[in-house]
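*Asks:* Generate coordinates for the sequence data below:
(chains A, B, C and D, ligands or ions: 6)
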Amino acid sequence: MEMKAEQAVAWVEKANALMQSHKEYLTELDQAIGDGDHGLNMSRGFQEAELKVSATDYDTAADVFKDVATVLMSKIGGASGPLYGTAFLKMSMTLKGKDPVTEANLAEAVEAALNGMKQRGKAEQGEKTMIDVWHPVADFLRNGQNVQPGKLEETAEEAMNQTKDIMATKGRAAYLQERSKGHIDPGSTSSFYLFQALADVWKKGE
Amino acid sequence: MEMKAEQAVAWVEKANALMQSHKEYLTELDQAIGDGDHGLNMSRGFQEAELKVSATDYDTAADVFKDVATVLMSKIGGASGPLYGTAFLKMSMTLKGKDPVTEANLAEAVEAALNGMKQRGKAEQGEKTMIDVWHPVADFLRNGQNVQPGKLEETAEEAMNQTKDIMATKGRAAYLQERSKGHIDPGSTSSFYLFQALADVWKKGE
Amino acid sequence: MVLMKKVINDPEHTVTEMLQGFEAAHPDYVKSLDGTTVLLRKEAPVDGKVSLVSGGGSGHEPAHAGYVGEGMLDAAVAGEMFTSPTPDQVFEAIKAVDGGAGVFLVIKNYTGDVMNFEMARELAEAEGISVEQVVVNDDVAVEDSSFTNGRRGIAGTVFVHKIAGAKASEGASLREVKRVAEKVVAHTRSMGVALTPCVVPGSGKPSFTLEEDEMEVGIGIHGEPGIERKKITSADEIAEELLQKVLQDSVDYKGAEVAVMINGLGATPASELYIVNRYIQQRLHDYDVTVTHTYVGEYMTSLEMAGFSVTLMKMDGELKQLLDAKVETPAFRD
Amino acid sequence: MVLMKKVINDPEHTVTEMLQGFEAAHPDYVKSLDGTTVLLRKEAPVDGKVSLVSGGGSGHEPAHAGYVGEGMLDAAVAGEMFTSPTPDQVFEAIKAVDGGAGVFLVIKNYTGDVMNFEMARELAEAEGISVEQVVVNDDVAVEDSSFTNGRRGIAGTVFVHKIAGAKASEGASLREVKRVAEKVVAHTRSMGVALTPCVVPGSGKPSFTLEEDEMEVGIGIHGEPGIERKKITSADEIAEELLQKVLQDSVDYKGAEVAVMINGLGATPASELYIVNRYIQQRLHDYDVTVTHTYVGEYMTSLEMAGFSVTLMKMDGELKQLLDAKVETPAFRD
Ligand SMILES: Nc1ncnc2c1ncn2[C@@H]1O[C@H](COP(=O)(O)OP(=O)(O)O)[C@@H](O)[C@H]1O
Ligand SMILES: Nc1ncnc2c1ncn2[C@@H]1O[C@H](COP(=O)(O)OP(=O)(O)O)[C@@H](O)[C@H]1O
Ligand SMILES: [Mg+2]
Ligand SMILES: [Mg+2]
Ligand SMILES: [Mg+2]
Ligand SMILES: [Mg+2]
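*Replies:* Numbers count the residues shown, from 1 in each chain, chains lettered A, B, ... in the order given. Ligands and ions are numbered 1, 2, ... in the order given. Presented below is the predicted three-dimensional model:
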């Protein structure tokens, strides 16, 4: 795939559509092991992000992601705000001057996003956070073997589902200790929607 | 009937038994048009009254009623406390030196109680209060035609039931205005139990 | 939410345990009067000062013990939950606070409260203590009428405590204290709404039931139903309805200076009270009313009932000065 | 009771409307910072004084705006309900209150709060403002561990506001303010229980459900479930359980002087909080603990949740003097 500003905007629009249609579900997941606001947070943040990017002209994907980062950072709050904000900021920085963005570039960008989020949240893989989705996705993109959107989506979905059996050691769910098991992590779910949206745009791009 | 200290005590005991067994019901009635404490108030007050009179030796009914007045006055509170307290105080005063108490004496005593309550509560007959039971009972005892306990109980019960259709203009129920109709008045109901207890003792006395 | 859930022990002891916990929390303000349900101001009796006694059924916390202290009450008499205290308890309070200048009773207009306090007054007067009283009836929900017991006393009572208390602190006479108290009553109107009922400990049942989308307008503070059952609307619409009832009553607030109280009935969060306050202040401004004082919080509650009341007191120079006067109580401070 | 019942308008505007209503209620204490959800102390910025900034998700009223004023906070930053405010909002607050002596952040230990406040701190430091912070983690319900994000900050946070604020008022340096704040954190432990859940406006569902006879022990203040679900017992038994968890933690309160806070989570009536206080005071006496200060009321709430928390702070001469220092805020006064 090649990603220009246009595809980057399409990604945000699709992501927002998914956050809106799963608002209730994300809130339910967060009520089970968190504080019940993840759906509200995501829908609020991505709504604003779409408003912003669909009303602006951009030259490159990097420019799009920079605005997305600022909006998410200033509209979401909570734990997910700084994390998603950091993710898009790092992607924007890595992709500076890369236009159109190639699959290799994207792999680097997601890698950078992952590292930024780990630094910000001090979480590693396996702590039942969105990191558990970003990590395998980054690996998948990096190793570059038959990288197709379908596989990307699968990878993210599988990773999301695997958070169910993990006991949380970071984020609000960690307070539940053993009781956090048996529930899918809300942030991993919103991250899955994000990559599902990417895969969707990607498919269209082929 | 002739009432000595012994019958007076029996009256209080029987009245308490009825208040205890109808505690829930009186509370329900008071929840419908009042503040839901009449059952608690009556059971608390008569419990204490029985404790007092069954642990004391009395020469006359008047002495019994004096103690009952003090206990009810100091243990019930609310609207019913001062009213029942006043009732027993007035009865005690009227019956001073009358031993044993005759039916004629009793008629005077209830008459005095009624007047004391009307003065204290500034209510007249027909305002959906316990006065609506005391009034006909006082009339019944006064006119002295075939005064039997059965008829006494009937009179009180009928009067109690008639409070159902009245719109309250005194007491808490008055705040409900039209909505107070269709509910039996709690205080009239506890007053009915009081006279039912009297009738019961009376029957045994015959 | 399950209404029966309460943090209590034996319901029979709820009031006495609450009073003990209150005294333990505020030893600098109050002291208990042995063998009674009366809490006295720490310094009581204050020599030569008119002393204020108020009280009523429990379940309205912080009323009334929370208003015991310098510049407000000298004693609060607690009855059982929602049940007026008995004459002997009120009488003990009167005797304990009398500093020679007489005792002033602040009574909320409920048949039971009026009868019990008046009997106590008769007992006190029989012992040569001069006693005066005011009966507070600020609730506009109930039509006023000489054929009934008239209107209820609700949150506006707190203004009476504050202003009569301040007057007494100045060393005013019993007659003077009575005059300002009656002025507050004449200038103050309130109206409340409930979104949920409450449960008297021990009764085990809600005082009434509401559907998921219903509210009771014109609610009292004893869990009794209000005067009208309606569908819940927005905060602004509910506030507007209460405000209109208050404004359209007999006190002309338009263009005047007023003190505002947005009083939470128990379960309603402060955030919602502030949302109501926002609207009330805007609307009062529309009516060219100048708000000199605003009180938002729980002042006169009804156990865990969700809802609130709106109170307006029309100000004048004297009331302003007395409302601003020094006050030191657990629940009301300057 | 139906939990969805709220006195609100559009849920999207709940926080801003609440803030407007708060400012309208307390104009002598706070002023709003245009275009933000920040409430500033009326006098901000105070020249040469270390300024305190705190905040977090909304729904904890009176926290945090209620603690803005002399002797406590210089600014409170409000996020959405139960959602930490964003870095830009906190950054605006920092810039607005900086009086040249630096800014001190009081952060409750939640991943979101910590990340957002730290990002704001980075932005401020980039502009040459010196910033220090303390992270409050008084909740003993959660095991402390370096592998997790550790313990939550709950009602004990109010003691940090009071004492760090008093220190700053004395003209202490940023380092000194940080030192006393860390001392409070080291000396303070809390534990809470919920009898009912709460509902985030807009979410329309309770955060969890409980049976009629169940309670959640070890509850946080964001409607998240506690650490253990149990049958409701008596007030004394519940209080005993919370107290034991606090006493058996790492601070040795036995024989010491302590300040006690019985904090209502929202719907629980004051009468019940006082019943709890009665028991806690008795028990502390058994452990030969001397209670120097008692606070009973709603200080750090969780919307309309029913329940309470118990907080103990071990005192020393410095903390006592700072806790007694002058304070003038809407929700905390001396
Ligand atoms: N330290 C962390 N590192 C990475 N992700 C985290 C961390 N803490 C929380 N998260 C993610 O954030 C999600 C919760 O986001 P959200 O509910 O919006 O914020 P909050 O928990 O503050 O309410 C969790 O499901 C988890 O995936
Ligand atoms: N003014 C009055 N005169 C006579 N009886 C009254 C009056 N006011 C109330 N009552 C009686 O008192 C009853 C209520 O008693 P109770 O519930 O114990 O007191 P409260 O209304 O203070 O809670 C009413 O049902 C009515 O019969
Ligand atoms: Mg959340
Ligand atoms: Mg009643
Ligand atoms: Mg009553
Ligand atoms: Mg949150």
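
*Asks:* ok, now which ones touch the residue of chain A most remote from its centre?
*Replies:* Distance from the centre of chain A peaks at A:Glu178, with 26.3 Å (C-alpha atoms, centre = their mean). Contacts for A:Glu178 (C-beta atoms under 8 Å, 6 or more residues apart in numbering or on different chains) come out as A:Met167. The way it works is simple: take the backbone N, C-alpha and C, and place the C-beta from them, glycine included.

*Asks:* Ok, C:Gly59 next?
*Replies:* Counting by C-beta under 8 Å, 6+ apart, C:Gly59 has contacts C:81-82, C:198, C:200, C:222, C:301-303, D:269, D:271.

*Asks:* Please name the strands paired to the one helix or strand C:Lys230 maps to in the sheet, noting orientation.
*Replies:* Secondary structure assignment for C:Lys230, by DSSP states H and E: strand C:228-231. Strand C:228-231 pairs in its sheet with strand C:214-217 (antiparallel), by DSSP bridges.

*Asks:* one step back: what about the strand holding C:Lys230, average pLDDT?
*Replies:* Looking at strand C:228-231 alone, the average pLDDT works out to 94.

*Asks:* go on, stretch A:88-100?
*Replies:* Averaging pLDDT along stretch A:88-100 yields 96.

*Asks:* Compute the first-to-last residue distance for that stretch.
*Replies:* Length of stretch A:88-100, first residue to last, C-alpha to C-alpha, to the nearest Å: 17 Å.

*Asks:* show me the contacts for C:Ala235.
*Replies:* Counted by C-beta under 8 Å, 6+ apart, C:Ala235 has contacts C:272, C:275-276, C:279, D:7-9, D:17.

*Asks:* Grab the nearest non-local neighbour of A:Gly45.
*Replies:* A:Ile76 (3.8 Å; C-beta to C-beta, 6 or more residues apart in numbering or on different chains).

*Asks:* go on, C:Gly156?
*Replies:* Of all residues not flanking C:Gly156 in the chain, C:Asp138 sits nearest, at 3.1 Å (C-beta to C-beta, 6+ apart).

*Asks:* OK, contacts around that neighbour?
*Replies:* Here C:Asp138 is in contact with C:151-157, C:185, C:188-190, C:311 (criterion: C-beta under 8 Å, 6+ apart).

*Asks:* C:Gln133 - that's part of a strand, no?
*Replies:* Yes: judged by DSSP: H, G, I helix; E, B strand; the rest coil, C:Gln133 forms part of a strand.

*Asks:* in the sheet, who's paired with the residue nearest to it when sequence neighbours are not counted?
*Replies:* Spatial nearest neighbour of C:Gln133, excluding adjacent residues (C-beta to C-beta, 6+ apart): C:Leu105 at 3.9 Å. Note on C:Leu105: beta-bridge partners by DSSP bridges are C:Val53, C:Gln133.

*Asks:* Packing partners of the helix or strand of chain A with the lowest mean pLDDT?
*Replies:* The helix or strand of chain A with the lowest confidence, counting by mean pLDDT, DSSP states H and E, is helix A:23-33 at a mean of 93. Helix A:23-33 sits against helix A:38-54, helix A:186-205, with contacts defined as 3 or more C-beta pairs under 8 Å, 6 or more residues apart in numbering or on different chains; DSSP states H and E.

*Asks:* Output the longest one as PDB, nothing but the C-alphas.
*Replies:* Pointing back at helix A:186-205 there. Provided in PDB are the C-alpha atoms of helix A:186-205 (Å, rounded to 0.1, in the frame of the first residue of the first chain):
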ATOM      1  CA  PRO A 186     -11.100  -2.000  26.500                       C
ATOM      2  CA  GLY A 187      -8.100  -0.100  25.200                       C
ATOM      3  CA  SER A 188      -6.900  -3.200  23.300                       C
ATOM      4  CA  THR A 189     -10.400  -3.300  21.700                       C
ATOM      5  CA  SER A 190     -10.300   0.400  20.600                       C
ATOM      6  CA  SER A 191      -6.800  -0.300  19.300                       C
ATOM      7  CA  PHE A 192      -8.100  -3.200  17.300                       C
ATOM      8  CA  TYR A 193     -10.700  -0.900  15.700                       C
ATOM      9  CA  LEU A 194      -8.000   1.500  14.800                       C
ATOM     10  CA  PHE A 195      -6.100  -1.200  12.900                       C
ATOM     11  CA  GLN A 196      -9.300  -2.600  11.500                       C
ATOM     12  CA  ALA A 197      -9.900   0.800  10.000                       C
ATOM     13  CA  LEU A 198      -6.300   0.900   8.700                       C
ATOM     14  CA  ALA A 199      -6.800  -2.500   7.100                       C
ATOM     15  CA  ASP A 200     -10.000  -1.300   5.500                       C
ATOM     16  CA  VAL A 201      -8.400   1.800   3.900                       C
ATOM     17  CA  TRP A 202      -5.500  -0.400   2.900                       C
ATOM     18  CA  LYS A 203      -7.700  -2.800   1.100                       C
ATOM     19  CA  LYS A 204      -9.400   0.000  -0.800                       C
ATOM     20  CA  GLY A 205      -6.000   1.300  -1.700                       C
END
